[in-house]
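Chemist: predicted model, plus sequence, below.
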Amino acid sequence: MPELPEVETIKNDLLPLISGQIIKAVEIYWPGTLRNASVETFSGEVVGRTIAGSKRRGKYLVFPLDNGKSIAVHLKMSGSLLFIPKGESLSASHVRAMFVFDDGSRLAFRDIRKFGGIWLLEKNSGFLDKLGPEPLENNFTPQIFQNILKGRDIPIKALLLDQVAIAGIGNMYADEALFEAGIKPGEKAGGLREDEAGKLYSAILNVLKKGIKSGGASVSTYQRPDGSKGLSHRDFRVARRRDQQCLECKTPLEYTKVRGRGTIYCPHCQK
DNA sequence: CATTGTCCCTGGAAGC
DNA sequence: TGCTTCCAGGGACAAT
């Protein structure tokens, strides 16, 4: 399940592979993949255009085109983007869309559960403006984070998952950040002391940076555009460790639901 | 407005 | 072995 570190990894991997590529054709195998355009409209706007780069905003991948428009991709739970060099074939199932480039290479959008999607964004569309601040950008400061927490009457984990509050954090890295900060996921966001908020701020940055450094977490169907896996899940202390004991204190980890999301934490290390 | 609940979808795991 | 049932979860949307 791609979160910020996974999407950042895919973005970086794709940058040298697709920048400057001319889109020769678009093949849509499941029309629902296109979320705001018909197959005809999408193809008409995209075919013949050159991809100008590879960016990320929250969990969205954004590929700017040379006409000012952009293609946005959200992988949601089970999506992946696979780059297929010229002359090579793809043995993956559940391919929902394919971008064919002028030089014979291709980019496949694979998505088992059909939660993911592709959007055509107009120039300055504002589509991504609803997202909260990027946690790894300089303008995300401890003070900004304090302000985001202030007055919020929801579990801190629910706030971390709220893309309008902060962009890019998902279920795994939320649990990891809360463990590193020593804070229980069910604590009220607005009730955190300043020092707790400061710890959590640092923990968020740490777990996301560490995740990027390891190429993302290859749980579920996540894979990089060349088909390789990430290693970030090896560093997880609580995420994906249901029914195990805490690596620090050996206390059995607790499993609960916060706003419908599976949540794992150490009842001893997290207060 | 703030917060919580429901639903989408599928493969894999668990139960019988 | 083979069938059925349950579960995971990001985010749009509905309900409270």
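Modeler: Here it is on my side, so go on. Numbers count the residues shown, from 1 in each chain, chains lettered A, B, ... in the order given.

Chemist: can you give me the strands for chain A?
Modeler: With DSSP state E applied, chain A shows strands at A:23-28, A:55-57, A:60-64, A:70-74, A:79-84, A:95-101, A:106-111, A:117-121, A:254-258, A:261-265, listed in chain order.

Chemist: please identify which of those strands is closest to DNA strand C.
Modeler: Nearest to DNA strand C, of all these, is strand A:261-265, at 2.6 Å by C-beta to the nearest atom of the strand. Placement of C-beta: from N, CA and C, glycine included.

Chemist: quick check: which ranges of chain A have low pLDDT?
Modeler: Within chain A, the stretches with pLDDT under 70 are A:220.

Chemist: rewinding a little: which one, of the strands of chain A, ends up nearest to A:Y222?
Modeler: Of all the strands of chain A, strand A:79-84 sits nearest to A:Y222, with 6.7 Å by C-beta to C-beta.

Chemist: so does that closest one get close to DNA strand C?
Modeler: No: using C-beta under 7 Å from any atom of the strand, strand A:79-84 stays clear of DNA strand C, coming no nearer than 9.9 Å.

Chemist: what residues are up against the residue of chain A found nearest DNA strand B?
Modeler: Nearest residue of chain A to DNA strand B: A:D153, at 3.2 Å (C-beta to the nearest atom of the strand). The neighbours of A:D153, taking C-beta atoms under 8 Å, 6 or more residues apart in numbering as the test, are A:188-190.

Chemist: kindly report the same for A:L34.
Modeler: A:28, A:42, A:97, A:117-120.

Chemist: with distance to A:L4 and neighbour count added, can I get those in JSON lines?
Modeler: Output for the contacts of A:L34, formatted as JSON lines (distance: C-beta to C-beta, whole Å; neighbours: other C-beta atoms under 10 Å):
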{"residue": "A:I28", "distance to A:L4": "27", "neighbour count": "17"}
{"residue": "A:F42", "distance to A:L4": "26", "neighbour count": "22"}
{"residue": "A:A97", "distance to A:L4": "23", "neighbour count": "24"}
{"residue": "A:G117", "distance to A:L4": "18", "neighbour count": "20"}
{"residue": "A:I118", "distance to A:L4": "19", "neighbour count": "25"}
{"residue": "A:W119", "distance to A:L4": "19", "neighbour count": "19"}
{"residue": "A:L120", "distance to A:L4": "23", "neighbour count": "21"}
